[in-house]
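**Student:** Curious how this folds, go ahead:
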Amino acid sequence: MSKRRELAKQVAEKTQDAYSFDRYGEQAWGACCFMLLGQGYTAKDVEAIMRSKWTRWAGDMASKNDRVNSADLKRYMATMTDVRKAVAELVRGTFEEN
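**Tutor:** Predicted structure coming up:
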């Protein structure tokens, strides 16, 4: 198993308690983590994203009402003006608030 795939699996398992997990399902949730790591985000970035409302909003934007997938999350994030800055803010809010 590749290092990226293994890290994606670890982050996906760690975040299964996140709000939108059930809407994605285990396979799509892991695919989201894999996709985000492939875009250069760190494991901490990915955890913050997967725990955020972004996963919910990506699902709301999706053209279907059933399962949401990594393409939906990628499409949602592409609508942001400065996604890297937004991710940094998510990380601060998720891990550094306390």
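
**Student:** Now the helix ranked longest in the chain: buried residues?
**Tutor:** For the chain, the helix that runs over the most residues, judged by DSSP state H, is helix 21-38. Across helix 21-38, burial judged by 16 or more other Cβ atoms under 10 Å covers 21, 23-24, 28-37. Where C-beta positions appear, they are placed from N, C-alpha and C, glycine not excepted.

**Student:** Just give me how far it sits from the chain centre.
**Tutor:** Taking the mean of its C-alpha atoms, helix 21-38 sits 7 Å from the chain's own mean (Cα atoms, centre = their mean, to the nearest Å).

**Student:** after the helix or strand of the chain with the lowest mean pLDDT, next one along is what?
**Tutor:** For the chain, the helix or strand with the lowest mean confidence is helix 54-61, at a mean of 94 (criterion: mean pLDDT, DSSP states H and E). The helix or strand immediately downstream of helix 54-61 is helix 70-77, counting by DSSP states H and E.

**Student:** In terms of secondary structure, what does that following helix contact?
**Tutor:** If contacts are counted by 3 or more Cβ pairs under 8 Å, 6 or more residues apart in numbering; DSSP states H and E, helix 70-77 sits against helix 21-38, helix 54-61.

**Student:** Give the other helices and strands that the first one contacts.
**Tutor:** I take that to be helix 21-38. Using 3+ Cβ pairs under 8 Å, 6+ apart: helix 21-38 touches helix 3-14, helix 43-51, helix 54-61, helix 70-77.

**Student:** what angle separates that helix from helix 70-77?
**Tutor:** 70 degrees (axes from the mean of the first three to the mean of the last three Cα atoms, to 10 degrees).

**Student:** What angle do helix 43-51 and helix 21-38 make with each other?
**Tutor:** Relative orientation of helix 21-38 versus helix 43-51 (the same axes, to 10 degrees): 150 degrees.
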